[in-house]
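# Generate a structure from the sequence data that follows.
(one chain, ligands or ions: 2)
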Amino acid sequence: MTVPTSADRQLPAYQMLIGGEWRDASDGARLITVNPFTGKSWATAPDAGEQDVDAAVAAASAALSGPWTAMTASERGACMRRLAQLLRERGPALAEVETTDNGKLLREMSGQMASLPDWYDYFGGLADKIEGATPPPTKANVFTYTRHEPIGVVGAILPWNSPLLLMSFKVAPALAAGCTVVVKPAEQTPISTLAFAQLFEEAGFPPGVFNVVTGGRTAGARLVSHPDVAKIAFTGSTESGIHVMKSAADHLARVTLELGGKSPNIVFDDADLDAAINGVLSGIYAASGQTCIAGSRLLVQRTIHDELVARVAARARTIRLGDPLDLSSEMGPCATIEQLEKVMLFVERARADGLKVLCGGQRPTAPELAEGYFYEPTIVTGANNGHEIAREEIFGPVLTVIPFDSEAEAIEIANDTRFGLGAGVWTTDIKRAHRMAHAIRAGSVWVNCYRMLTYNMPFGGYKMSGIGRENGLDAVHEYTETKGVWIDLSNESRDPFVMG
Ligand SMILES: NC(=O)C1=CN([C@@H]2O[C@H](COP(=O)(O)OP(=O)(O)OC[C@H]3O[C@@H](n4cnc5c(N)ncnc54)[C@H](OP(=O)(O)O)[C@@H]3O)[C@@H](O)[C@H]2O)C=CC1
Ligand SMILES: CCCCCC/C=C/C(=O)O
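Ligands and ions are numbered 1, 2, ... in the order given. Here you go, the predicted structure:
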């Protein structure tokens with residue numbers, strides 16, 4: 001908990017949504033959130049304690065055993081589509097809130113908010129199409145069918161890099177499945193989720209279907225360990241994901257985990273180099289590299305290494321750092337001072353390892369950027385895949401270049417990581433493109449593109465990048481339990497001592 005000063009008490013003070021009511025934390029504690037461009041506090045939110053989380057879970061449980069389940073699946077879908085419509089209208093305002101809270105470019109947020117309603121339309125449309133099966137009879141006079149029932153109350157834990165997008169990955173399929181939800185945004189960036197929550201009542205959702213508790217570790221830990229939470233959907237670091245899974249295991253809550261990455265962006269010498277350079281830049285400098293799918297390892301075929309690296313560096317040096325609300329800015333600040341410090345330490349250690357920092361490697365010196373948590377677009381060369389900077393998730397604008405000679409070597413390096421979230425492949429050879437896409441052990445492979453995203457393509461990680469999938473038809477089943485129902489159609493008495 002941060003203790004507000006008298007100046008902080010003048011800031012916009014948001015409340016959290018529990019059971020359809022806007023509330024402060026029961027002990028009145030508040031979190032202060034900082035605009036990473038100005039380095040100054042800009043809003044406050046409740047700092048929920050265990051009691052508040054318990055109240056939110058109770059509200060979600062009541063909605064589950066009451067009005068939400070009483071609605072037909074079509075009615076629930078209609079609520080979701082109304083939410084989508086409201087999001088279309090309010091998207092631009094929500095984009096500005098999130099940009100102020102986490103420093104993501106408004107340029108990118110505007111695109112995200114234009115597509116976010118599609119999640120609620122798509123999954124809202126699915127709500128009344130979650131069909132069970134009637135397996136053909138294999139026993140005489142027995143009729144069997146399956147039902148996909150809502151799993152229960154879902155706890156959704158969000159990171160700070162893309163709160164509204166990553167919340168929608170979880171909330172849209174959960175609502176479609178008939179679940180109710182308690183969302184806990186990251187303590188650094190709670191405000192856009194609270195602003196989004198204002199749309200639920202207007203869209204016609206019964207109170208308690210969607211709840212938000214804002215707070216830090218106390219709130220998150222209580223949500224994960226709460227015995228009435230049936231499922232935790234988490235996005236964040238691999239280390240925290242492991243904690244969450246262990247804690248959820250105490251009451252066997254289901255989990256989906258979307259965790260870290262160290263994704264390879266692989267450029268072969270037959271690639272369209274202009275397109276590849278664009279994709280390499282987008283992979284690592286979009287969102288200031290603060291994305292789980294950052295293409296943070298550039299694997300480049302040795303024959304084009306020098307030319308490609310020189311051209312990527314030339315463009316990286318001209319990336320326009322600036323106010324994330326200014327649509328002409330190309331890269332914003334890191335979201336928090338802690339994240340900036342983490343990035344700086346990685347680069348310092350790379351230098352100490354004898355690696356070359358080809359460009360960037362420092363905070364910008366322009367006075368207009370001095371208050372913000374900026375770090376220059378950085379390229380580290382001379383590394384091999386064993387160096388720390390090639391193995392650990394940095395979550396910042398730092399690209400590590402690793403040369404390779406053959407396709408087999410590219411695959412070996414690409415897969416030599418504990419992560420497996422994404423990968424890019426740049427080649428004009430269609431056979432190689434498919435061979436690579438099949439050989440790389442990662443949940444998403446982009447060929448001649450990078451960081452593409454849509455609601456109907458599954459997203460998730462292999463290995464330590466996660467468990468389960470978000471988005472796509474199957475995501476709904478991350479929020480259902482399948483029940484088998486058996487009906488005896490015969491009038492005969494059965495032998496009680498023999499399995500039927
Ligand atoms: N895969 C991804 O998209 C992301 C990866 N990261 C990686 O994680 C690193 C550290 O960032 P950080 O913010 O600390 O990420 P965390 O993974 O620690 O935090 C992400 C979310 O999880 C919550 N959380 C963390 N631990 C627990 C727990 N034991 N029980 C319940 N909730 C928990 C946090 O809450 P709170 O902090 O409010 O207590 C926050 O809401 C980054 O540098 C980056 O490498 C970060 C964000 C997103
Ligand atoms: C298939 C792409 C999924 C993107 C996952 C979330 C990324 C968020 C971000 O980059 O801000």
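
# Can you name every helix or strand that the helix or strand that contains residue 257 contacts?
According to DSSP states H and E, residue 257 maps onto strand 254-258. Judged by 3 or more Cβ pairs under 8 Å, 6 or more residues apart in numbering; DSSP states H and E, strand 254-258 is in contact with helix 163-176, strand 229-235, helix 238-249, strand 466-467. No exception for glycine: its C-beta is placed from N, CA and C like everyone else's.

# and of these, who's closest to ligand 1?
helix 238-249 (3.3 Å; Cβ to the nearest ligand atom).

# Close to ligand 1: what parts of this protein are there?
157-161, 184, 186-187, 216-217, 220-221, 224, 235-237, 240, 243-244, 258-260, 292, 339, 342, 393, 395 (Cβ under 6 Å from any ligand atom).

# What parts of this structure come near ligand 2?
Going by Cβ under 6 Å from any ligand atom, the residues of the chain near ligand 2 are 161, 162, 165, 166, 287, 291, 292, 293, 444, 453, 459.

# mind redoing it with 8 Å?
104, 108, 112, 161-162, 165-166, 169, 235, 258, 286-287, 290-294, 422, 444, 451-454, 457, 459, 471 (Cβ under 8 Å from any ligand atom).

# Look through the stretch 251-400 of the chain and state the residue closest to ligand 2.
For the stretch 251-400 of the chain, Cβ to the nearest ligand atom, closest residue to ligand 2: residue 291, 3.0 Å.

# what about residue 495, how many neighbours?
8 (other Cβ atoms under 10 Å).

# Remind me which helix or strand it belongs to.
Judged by DSSP H and E, residue 495 forms part of no helix or strand.

# Just list the residues touching the residue lying closest to the residue of the stretch 251-400 of the chain closest to ligand 2 once chain neighbours are set aside, thanks.
Spatial nearest neighbour of residue 291, chain neighbours left out: residue 161 (6.1 Å); criterion: Cβ to Cβ, 6 or more residues apart in numbering. Residues in contact with residue 161 (Cβ atoms under 8 Å, 6 or more residues apart in numbering) are 102, 104, 287, 290, 291, 292, 335, 395.

# Residue 182 now?
Applying Cβ under 8 Å, 6+ apart, we find residue 182 in contact with 53, 56-57, 60, 153-156, 211-213, 223, 229.

# Check residue 343 too.
Taking Cβ under 8 Å, 6+ apart, we find residue 343 in contact with 289, 334, 375, 394, 395, 396, 397, 398.

# try 7 Å this time
Neighbouring residues of residue 343 by Cβ atoms under 7 Å, 6 or more residues apart in numbering: 334, 375, 394, 396, 398.

# re the thing from before, what's the strand holding residue 257 in contact with?
In contact with strand 254-258 (Cβ under 7 Å, 6+ apart) are residues 151, 230-235, 241, 244-245, 248, 292, 460-461, 466-468, 470, 478.

# Quick check: the nearest residue to residue 297 once chain neighbours are set aside vs residue 282, distance?
In space, and not counting its chain neighbours, residue 297 is closest to residue 264: 4.6 Å by Cβ to Cβ, 6+ apart. Plainly put, residue 264 is 15 Å away from residue 282 if you go by Cβ to Cβ, to the nearest Å.

# More neighbours: those two, which one.
Legend: neighbour count by other Cβ under 10 Å for residue 264 and residue 282, higher for residue 264 (31 against 17).

# just checking, that one touches residue 300?
No. Counting by Cβ atoms under 7 Å, residue 300 is not a contact partner of residue 264; they are 10.3 Å apart.

# Residue 332: what's its closest spatial neighbour, skipping adjacent residues?
If you skip the residues right next to it in sequence, residue 332 has residue 324 as its closest partner in space, 3.6 Å away by Cβ to Cβ, 6+ apart.

# looking at this, the one you found is in a strand?
No. Counting by DSSP: H, G, I helix; E, B strand; the rest coil, residue 324 falls outside a strand, being coil.

# Measure how buried it is and give me the count.
So residue 324, with other Cβ under 10 Å, has 27 neighbours.

# Check residue 256 too.
So residue 256, with other Cβ under 10 Å, has 24 neighbours.

# coming back round to it: in a helix, that's where the residue of the stretch 251-400 of the chain closest to ligand 2 is, yeah?
No. Read with three-state DSSP, residue 291 is coil and lies in no helix.

# okay, now the domains of the protein?
8-259+461-484, 264-447 (automatic domain parsing).

# Turn those domains into JSON lines, columns for distance to residue 493 and mean pLDDT.
Putting the domains of the chain into JSON lines (distance: least, Cβ to Cβ, whole Å; pLDDT from 0 to 100) gives the following:
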{"stretch": "domain 8-259+461-484", "distance to residue 493": "12", "mean pLDDT": "98"}
{"stretch": "domain 264-447", "distance to residue 493": "52", "mean pLDDT": "98"}
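
# Reformat those domains into TSV and put distance to residue 497 next to each item.
Putting these into TSV (distance: least, Cβ to Cβ, whole Å) gives the following:
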stretch	distance to residue 497
domain 8-259+461-484	17
domain 264-447	49
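
# Can you say which of the ones you listed is nearest to residue 495?
Closest to residue 495 of the domains of the chain, according to Cβ to Cβ: domain 8-259+461-484, at 13.5 Å.

# Can you give me every residue that contacts residue 347?
Per Cβ under 7 Å, 6+ apart, neighbours of residue 347: 357, 361, 378, 398.

# rerun that using 8 Å as the cut-off
Taking Cβ under 8 Å, 6+ apart as the definition, contacts of residue 347 comprise 357, 361, 378, 380, 389, 398.

# Emit the PyMOL select command for whichever of those are buried.
To isolate the buried ones among those in PyMOL, judged by 16 or more other Cβ atoms under 10 Å, type:
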select buried, resi 357+361+378+380+389+398
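
# Show me the contacts of residue 347 that map onto strands.
Counting by DSSP state E, the contacts of residue 347 place 357, 378, 380, 398 in strands.

# so where do the helices sit in the stretch 201-350 of the chain?
Assigned by DSSP state H, counting those that start in this stretch, the stretch 201-350 of the chain shows helices spanning 217-225, 238-249, 273-285, 305-317, 337-352.

# Would you mark the buried spots in the fourth one?
If you call a residue buried by 16+ other Cβ under 10 Å, then helix 305-317 has these buried ones: 305, 308, 309, 311, 312, 313, 315, 316.

# can you check the second one too?
Residues of helix 238-249 classed as buried: 238, 240, 241, 243, 244, 245, 247, 248 (neighbour count, 16+ other Cβ under 10 Å).

# Figure out which of the helices and strands packed on strand 254-258 is closest to residue 33.
Proximity to residue 33 (Cβ to Cβ) singles out helix 163-176 among these, at 11.4 Å.

# Around the residue of the stretch 351-500 of the chain found nearest ligand 1, count how many other residues there are.
Distances between the stretch 351-500 of the chain and ligand 1 by Cβ to the nearest ligand atom are smallest at residue 395, namely 3.6 Å. Per other Cβ under 10 Å, the neighbour tally for residue 395 reads 25.

# Residue 30 too?
Residue 30: 23 surrounding residues under other Cβ under 10 Å.

# my read: it touches residue 48, true?
No. Residue 30 is beyond contact range of residue 48, at 10.3 Å (criterion: Cβ atoms under 8 Å).

# wait, what's in contact with residue 108?
286, 287.

# name the element it belongs to?
helix 106-126.

# So what's the gap between that helix and the chain middle?
14 Å (Cα atoms, centre = their mean, to the nearest Å).

# Would you mark the buried spots in it?
Going by 16+ other Cβ under 10 Å, helix 106-126 has these buried residues: 106-109, 112-113, 116-124, 126.

# Buried among the contacts of residue 161? Need that as a selection in ChimeraX.
Only the buried entries of these go into this ChimeraX selection, using 16+ other Cβ under 10 Å:
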select :102,104,287,290,291,292,335,395
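
# and which of the contacts of residue 161 is nearest residue 84?
Closest to residue 84, out of all of the contacts of residue 161 and judged by Cβ to Cβ, is residue 104, at 21.6 Å.
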